[in-house]
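S.K.: how would this look folded up:
(chains A and B)
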Amino acid sequence: MLTISTGNKAVAAAVKQAKPAVVAAYPITPQTEIIEQIANYVAAKEIETEYIPVESEHSAMAACIGAAVAGVRTFTATSSHGLLYMHEMLHWAAGARLPIVMANVNRSLGPGWNIWAEHTDAFSQRDTGWLQVFVGTVQEAYDATLMAFRIAEDERVILPTMVNLDGFSLSHIMQSLETVEVGDFIPPHHLTHAIDVDNPMGYGPMTGPKDYYRFRWDIERSMRDAKTVIAETEAEFASRFGRKYGPTEDYRCEDAEVVVVSMGTLGREAEVAVDILRNEGVKAGSMRLRWFRPFPDLDLKGREVVVVDRDYSFGFGGVVAASIRAKTGIECYNVIAGLGGQEVTYDDIAEFVRTRRIGEEHWFGVSE
Amino acid sequence: MSSISEIPKEEYLKPCTAACAGCSSSLCLRYVLKAAGPDTVLVIPACCTSVIQGMYPNTSFNVPVYNIAFAAAAACASGMSKAFRSEGKQTNVIVYAGDGGTVDIGIQSLSGAFERGTDFLYICYDNEAYGNTGMQRSGATPLGALTTTTPVGKSEFKKDLDLIVAAHNPPYMATASSAYPLDLYRKVKKALSIRGPKFIHIMAPCPPGWRYDSEKTIEIGKLAVKTGMWVLWEREYGTLSVSGPSKTAMKKPQPIDEYIGAQGRFKTATPAIVAELQQAVERNIDRIRKEEEGIC
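M.R.: Down below sits the predicted model:
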């Protein structure tokens, strides 16, 4: 069905179709619309979901963990400080191998208080063992949320999955949305290690180094397998519903001599910037990185790379640029732009490309 | 039930735990699980019981145990209870948490779970310090007690956890003691027969932490009740009744001196501190008596 929706409502629409048994959530701007919408679905009995209005995000994730280990499908949504407040429980959810799905509406971190888009909140959860996907459109927010349940619950993965969408510039804007008949695309959830009182076991007790180490490796092995599961799931989604996704969204990259790498809504701006540059005779392309964990293999060999980071790791550099450098050995021009919702237009991105200085870092609007 | 011989023979706590000699909290857990039976899940935050259960891949408990981070036990139980109920299961969800995980770091999730009317039983076994990490001060440590972080004795009173829980108006809450297992067993049974959030606060003496010989655990627990340092009561739908052992004790409580003197943790407590503790005991007994009589 074709409709129009905000990014937040698109996520909620996908959650409704995935039918989680338990949603535990706590409000925070700009995520709140997601959980309000789910609360409305529950109140109107449009979904048979237990909605737990917890007293904090730490408890939201703890409640999802408790529900998930009882064997049911769970969902929550958060943003910014809420995500950070959950941090301990994010590690717990992954370590306990619970396929919880969460939407994170990317927002900056205080102080000062700032409610606009930035990716540092999600990147601060980089090492928690969560799969992380970043979306660029309302449609993609919906599609990625549907796929997240299937990917997380796949027996080769069984890891929690975070769907990231930019605060306001995606969460609150209206775009067209085509919903689908999910059918059996998301199979019934079955957690093999769910609590069973007839087969009592200890979950997460004291564990010695040898076994602990093995469990950590097991998470990494599943992270690696997740690349295959993601590819299979996205391929099946394309064949069923006609919309294709991959680890990156590539635009005019085939013959590109310079590629702009970015994430989220800035990636959409980058595509317009590429058209502008192409009209000027610059062989430019855009690569919007969708999956952050597991981090995909990127084909950037022989090209100049401009990375726009909407985040920063103080004392080091942009997180995406650092990841690309580490994974590919390719030096890039690292532009730090869009922090705290800073306006970044396609003209700005085109200018980043024109004035690129490979190997250097540039703070847009600050450094000369 | 009037005799300990009527308590079920089934054991859910196997005789091979990693508990210290004379540990009262594992003794209590044995009776808690006998009362709860096999359709039970324990949710345990970081506490002594995290260690007592044994190391992976072994477990000393014959019910599923879910370990969760320190602050999160009640919230985790909230989700678990909702999930079980959504599947039509009546499985008992019991949090078994120490005092630090309850009165300090876990107080927010405890409050949230009770406010939301979560169908579960929260049991705090109170050994009045962070026992698992080697006896550091908690909000439940009494005035004057030595801990590794109060090397000259705690200068504040114990936090009144029961008043905080009572503010949530749970359908059932009670105190219990490891020295009175029949009373504890009966209270767990009653709690689990009621839907909604239930709370049991167990005084759990700790030989290494309280600095007394391990064979004296029951004796110390009884002294706490006989002196009124610990009063056994239950409050069902808002109506308080003092439990048998404390009924007798409250008629003429023994002075607290014997209780204090039996424990090394109070060795630096001055007569003035002991007097303050004695006054607090009297105020508490008076408050409970008045509530039972319907005066307040």
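S.K.: Please name the nearest non-neighbouring residue to the residue in the stretch 101-250 of chain B positioned nearest to chain A.
M.R.: Of all residues in the stretch 101-250 of chain B, B:Gly112 sits closest to chain A, with a separation of 3.2 Å (C-beta to the nearest C-beta). C-beta here means a position set from N, CA and C on the backbone, and glycine is covered the same way. Using C-beta to C-beta, 6 or more residues apart in numbering or on different chains and skipping the chain neighbours, the partner closest in space to B:Gly112 is A:Glu55 (3.2 Å).
S.K.: what pLDDT does that neighbour get?
M.R.: We note a pLDDT of 98 for A:Glu55 in this prediction.
S.K.: same thing with B:Ile4?
M.R.: 84.
S.K.: so it touches B:Asp183, yeah?
M.R.: No: checked against C-beta atoms under 8 Å, the pair B:Ile4 and B:Asp183 is beyond contact range at 10.5 Å.
S.K.: Pull up the overlap in contacts between the two.
M.R.: Both B:Ile4 and B:Asp183 lack any common contacting residue under the criterion C-beta atoms under 8 Å, 6 or more residues apart in numbering or on different chains.
S.K.: Neighbour count for the two, which is higher?
M.R.: Taking B:Ile4 and B:Asp183 together and counting by other C-beta atoms under 10 Å in any protein chain shown, B:Asp183 has the greater number of neighbours (21 against 10).
S.K.: A helix includes the more buried one, no?
M.R.: Yes: counting by DSSP: H, G, I helix; E, B strand; the rest coil, B:Asp183 falls inside a helix.
S.K.: For A:Val305, give the beta-bridge partners.
M.R.: Taking DSSP bridges as the rule, A:Val305 bridges to A:Val259.
S.K.: show me where the stretch 151-296 of chain B has strands.
M.R.: Shown for the stretch 151-296 of chain B, the strands assigned by DSSP state E, counting those that start in this stretch span residues B:172-177, B:197-203, B:233-236, B:239-242.
S.K.: any chance of those in CSV, plus mean neighbour count, distance to chain A and mean pLDDT?
M.R.: Putting these into CSV (neighbours: other C-beta atoms under 10 Å in any protein chain shown; distance: least, C-beta to the nearest C-beta, whole Å; pLDDT from 0 to 100) gives the following:
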stretch, mean neighbour count, distance to chain A, mean pLDDT
strand B:172-177, 26, 19, 98
strand B:197-203, 26, 13, 98
strand B:233-236, 19, 23, 98
strand B:239-242, 15, 27, 97
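S.K.: Tell me which of the ones you listed sits nearest to B:Asn127.
M.R.: Shortest distance between B:Asn127 and the strands of the stretch 151-296 of chain B, using C-beta to C-beta, is found for strand B:197-203: 8.4 Å.
S.K.: between the closest one and strand B:172-177, how many degrees?
M.R.: Between the axis of strand B:197-203 and that of strand B:172-177 there is an angle of 20 degrees, by axes from the mean of the first three to the mean of the last three C-alpha atoms, to 10 degrees.
S.K.: Partner strands of strand B:197-203, with direction?
M.R.: Taking DSSP bridges as the criterion, strand B:197-203 sits next to strand B:120-126 (parallel), strand B:172-177 (parallel) in its sheet.
S.K.: Mind listing what's buried along the longest one?
M.R.: This points to strand B:120-126. Neighbour counts using 16 or more other C-beta atoms under 10 Å in any protein chain shown place B:Phe120, B:Leu121, B:Tyr122, B:Ile123, B:Cys124, B:Tyr125, B:Asp126 of strand B:120-126 among the buried residues.
S.K.: So the third one sits against B:Asn92, correct?
M.R.: Think B:Tyr122. No: taking C-beta under 8 Å as the definition, B:Tyr122 is not a contact partner of B:Asn92, at 11.9 Å.
S.K.: The residue nearest to B:Gly112: what's it in contact with?
M.R.: With contacts defined as C-beta under 8 Å, 6+ apart, A:Glu55 is in contact with A:Tyr26, B:Gln108, B:Ser109, B:Ser111, B:Gly112, B:Glu115.
S.K.: The fourth one: which element?
M.R.: Using DSSP states H and E, B:Ser111 sits in helix B:107-115.
S.K.: which of the contacts of A:Glu55 lies closest to B:Ser155?
M.R.: When the contacts of A:Glu55 are compared for distance to B:Ser155 (C-beta to C-beta), B:Gln108 comes out closest, at 25.0 Å.
S.K.: Near chain B, which residues of the stretch 101-250 of chain A are found?
M.R.: The stretch 101-250 of chain A has residues A:195-197, A:200-208, A:211 near chain B, with proximity defined as C-beta under 8 Å from any C-beta of the partner chain.
S.K.: Could I get the full set of helices for chain B?
M.R.: Counting by DSSP state H, chain B has these helices, from start to end: B:24-36, B:48-52, B:73-86, B:107-115, B:161-166, B:181-192, B:207-210, B:217-227, B:244-251, B:257-261, B:271-293.
S.K.: With A:Phe295 as the reference, name the closest of those.
M.R.: Using C-beta to C-beta as the criterion, the shortest distance between A:Phe295 and the helices of chain B is 30.4 Å, found for helix B:73-86.
S.K.: The closest one and chain A, are they touching?
M.R.: Yes: Helix B:73-86 lies within reach of chain A by C-beta under 8 Å from any C-beta, at B:74-86.
S.K.: Can you spell out which helices and strands pack onto that helix?
M.R.: With contacts defined as 3 or more C-beta pairs under 8 Å, 6 or more residues apart in numbering or on different chains; DSSP states H and E, the packing partners of helix B:73-86 are strand A:22-25, strand A:50-53, helix A:57-69, strand B:40-44, strand B:92-98, helix B:107-115, strand B:120-126.
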